[in-house]
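Visitor: Based on what follows, work out the 3D shape:
(one chain, ligands or ions: 1)
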Amino acid sequence: MTRVRFISADGNRVDEVEAAAGARLLDIAQANGQPLEGTCEGQMACSTCHVIIDRDDFARLPEASEMEEDLLDLAASVTRWSRLSCQIYLPEGLESLTVKMPGEARNMQGR
Ligand code: FES
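Guide: From the prediction side, this is the model:
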């Protein structure tokens, strides 16, 4: 099991859930009520599932495909540690994963 920690865009809220290897990060986040729309359901056509991965955890994840990189270039508030959560399946043996919501998440909630 992996302990997944979600940090809100303003950094004030932390939610923790346990998830099994092979689970998709977008699904885990949505089940936990995180503000990720994931409009295209993982078809790599929207980038509304953009998250920022903890720097140390970033290297522990399988690398992004070229298509994912291209789509990330179009997302707002992108950082070096940005990923599309619909493309991340928890690898075997990952103890914990910390993920931050990007800035826009707050705007989408009308704040
Ligand atoms: Fe659309 Fe991830 S859900 S790109």
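Visitor: Show me what the lengthiest helix in the chain is packed against.
Guide: Ranked by number of residues, the top helix in the chain under DSSP state H is helix 66-74. Helix 66-74 makes packing contacts with strand 82-84 when contacts are defined by 3 or more C-beta pairs under 8 Å, 6 or more residues apart in numbering; DSSP states H and E. C-beta here means a position set from N, CA and C on the backbone, and glycine is covered the same way.
Visitor: all strands for this protein, in order.
Guide: Under the criterion DSSP state E, the chain contains strands at 2-7, 14-19, 50-53, 82-84, 96-100.
Visitor: quick one, which of these is nearest to Ser65?
Guide: strand 82-84 (9.5 Å; C-beta to C-beta).
Visitor: List the strands paired with that closest one, with their directions.
Guide: If you go by DSSP bridges, strand 82-84 pairs up with strand 50-53 (antiparallel).
Visitor: List of residues touching the strand it pairs with?
Guide: Here strand 50-53 makes contact (C-beta atoms under 8 Å, 6 or more residues apart in numbering) with 25, 29, 36, 61, 72, 75-79, 81-85, 97-102.
Visitor: Let's see that with 6 Å instead.
Guide: Under the criterion C-beta atoms under 6 Å, 6 or more residues apart in numbering, residues 75, 79, 81-83, 85, 99-100, 102 lie in contact with strand 50-53.
Visitor: ChimeraX command to pick out the buried ones of those?
Guide: Filtering the contacts of strand 50-53 down to the buried ones (16 or more other C-beta atoms under 10 Å) takes a single ChimeraX command:
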select :75,81,82,83,85,99,100,102
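Visitor: Nearest to the ligand, out of the contacts of strand 50-53: which one, please.
Guide: Ser85 (6.6 Å; C-beta to the nearest ligand atom).
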